[in-house]
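A.B. asks: just need the structure, nothing else, for what follows:
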Amino acid sequence: MRSSEYDLDFRDRAGRTRAWGIGLLVVAGLLWSWCTLLLLTPYEVDRKPDDRYPVECEPRLMTERGTANEGLGHGDYCQNERDWPEAVVVLGLSVPVSVAGAVLFTSGSVSRRMSAHAEAMRELDRIADEREARSARAR
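C.D. replies: Residues are numbered from 1 along each chain as shown. This next block holds a predicted model:
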């Protein structure tokens with residue numbers, strides 16, 4: 001395999017690595033969006049199946065009452081619908097996904113840049129060698 005073929009193959013692999021990194025970063029962004037949705041949007045809870053008048057609940061982060069901590073003991077149906085552990089798990093899952101995505105994206109980008117730099121250096125060396133050969137012939 002010639003060096004140019006190897007270099008193109010190397011760049012293709014680096015591009016795929018970078019694409020995987022972008023994909024994982026998109027997944028992490030979706031997880032962050034889901035966590036934001038869970039914590040910042042109001043929601044409704046049925047007191048019984050097919051409830052015609054569901055209870056409206058405040059968002060978890062915007063509540064001023066004890067709905068996030070007290071629960072059904074005080075007649076609050078909102079507490080069990082959107083628990084904190086679900087939001088924390090979603091947020092926790094986003095951390096390794098985003099770290100892996102950032103590492104893969106950075107690795108792929110750096111590999112492509114280094115390959116392009118090495119190719120440019122080979123081209124400059126070739127041009128310099130041709131100039132030296134021409135000047136040696138001219139003497």
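A.B. asks: in this protein, which spans are helices?
C.D. replies: Per DSSP state H, the chain carries helices over the ranges 3-40, 84-138.
A.B. asks: is it possible to get TSV of the ones you listed that adds distance to residue 58, mean pLDDT and mean neighbour count?
C.D. replies: From N, CA and C alone the C-beta is placed, and that goes for glycine too. Compiled in TSV, the helices of the chain are given as follows (distance: least, Cβ to Cβ, whole Å; pLDDT from 0 to 100; neighbours: other Cβ atoms under 10 Å):
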stretch	distance to residue 58	mean pLDDT	mean neighbour count
helix 3-40	10	90	15
helix 84-138	14	90	13
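A.B. asks: any chance of those helices in JSON lines, with distance to residue 55 too?
C.D. replies: JSON lines is the format used below for these (distance: least, Cβ to Cβ, whole Å):
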{"stretch": "helix 3-40", "distance to residue 55": "17"}
{"stretch": "helix 84-138", "distance to residue 55": "19"}
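A.B. asks: and the residue nearest to residue 40 when sequence neighbours are not counted, how far from residue 33?
C.D. replies: Nearest residue to residue 40, sequence neighbours excluded (Cβ to Cβ, 6 or more residues apart in numbering): residue 59, at 5.1 Å. Note on residue 59: its distance to residue 33, by Cβ to Cβ, to the nearest Å, is 15 Å.
A.B. asks: find the residue at the geometric middle of the chain.
C.D. replies: residue 25 (1.3 Å; Cα atoms, centre = their mean).
A.B. asks: gap between the nearest residue to residue 87 once chain neighbours are set aside and residue 24?
C.D. replies: Among residues not flanking residue 87 along the chain, residue 38 sits closest, at 4.6 Å (Cβ to Cβ, 6+ apart). Distance of residue 38 to residue 24, given as Cβ to Cβ: 21 Å.
A.B. asks: before we move on, back to that, ok, the residue nearest to the residue nearest to the centre of the chain when sequence neighbours are not counted - contacts?
C.D. replies: Using Cβ to Cβ, 6+ apart and skipping the chain neighbours, the partner closest in space to residue 25 is residue 101 (3.8 Å). Contact analysis of residue 101 by Cβ atoms under 8 Å, 6 or more residues apart in numbering lists 20, 21, 22, 23, 24, 25, 26, 27, 28.
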